[in-house]
Every structure is written in C-alpha cells, then in structure tokens.
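Visitor: A structural model of the following input is requested.
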Amino acid sequence: MSHEGIRFISKEEQEKVEREEKRASALTKAALTPAKVRVLKTEGTGMEIDWEDGHHSQWHFAWLRNACPCATCVEERKMQGREPGVPKPQPKQLLQMYEAPARPASAHAVGRYAIQFNWQDGHSSGIYSWDFLRRNCQCAECKAAR
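Guide: Numbers count the residues shown, from 1 in each chain. Next up, the predicted model:
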C-alpha cells in the first residue's frame, strides 16, 4: 500500500486553509464576474477589472508574472515560502544584470472563467481564473481583509 500523495499539515496550515475556505464562501457570483477587463499591454502597466459588484481591481504585470498560478510556479513558491506576486529572491551579484520588466506578448480569454497571458519570457502555462484574481485583489481594502 502506497502513501504517495498524502501530506500531513500543521495546525497553522489547517487554520489558514479554513480561513481561505470561509472567505471563499463569502464572495458572491457578482464579486467573481468581471463586467469589464482591460489589459494595458500598450502602456505596459498591467490589467484592470471592473467587477459586476462594483469593485475595481488592478494588478501590475510584474505582480501577475510573479503570481503565475501554473502548477510549476505554485510549487516553486511553496518551496520558497513566497506568496503569489512576491518575486523570486535574486542572488547577490557584483554587477546587477538588466532584466526586462514583465510584459505579456499576448493575452486571451479562457472560456468565461479566466485569462491567460503569453509572457515575453516564454512562459504561458498559467491560467488566471477570475476567482484567483478577485481573491488576490491588490487594492488596500482587499489587502487589509486578507
């Protein structure tokens, strides 16, 4: 009998999961349905969503790239103890190398539930669901609630 896939979690992790589940049930359909989505690719700034419940959210492209919800990126963040949107720690270098700012080459809708970016660095496997984006809204009000 194999026990692969079974993971034991601490009491703190369980409490965090329970808080997330409680918060998850608090959002209405209108809170998770975008009324208008704007990807500001030409400006190079980020994405904005006006939600049906009247809330407005915006994210910088750097945050979105660092919050990629694909399995590989999520696993890497978990191993490093980073939250979505927190950049990877950079190794100390004598001379800092220039790194182009995160920017999508393109973006497209995934059904009626998400958006997907094809990043200029070649990464494109993350599907950003409306649920994920609303739960990770970067406005001061939402950050304080988390």
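Visitor: where does the chain have low pLDDT?
Guide: Filtered on pLDDT under 70, the chain yields the residue ranges 1-5, 7, 20-25.
Visitor: now the strands for it?
Guide: 34-40, 46-51, 56-60, 104-110, 114-119, 127-129 (DSSP state E).
Visitor: residue nearest the centroid of this protein?
Guide: residue 67 (3.9 Å; Cα atoms, centre = their mean).
Visitor: just give the closest residue to that one, not the sequence neighbours.
Guide: residue 84 (3.6 Å; Cβ to Cβ, 6 or more residues apart in numbering). C-beta: built from backbone N, CA, C; applies to glycine.
Visitor: backbone dihedrals for the one you found, both of them.
Guide: Backbone torsions of residue 84, given as degrees, to the nearest 10, read phi -60, psi 140.
Visitor: report the contact partners of residue 121.
Guide: 65, 100, 102 (Cβ atoms under 8 Å, 6 or more residues apart in numbering).
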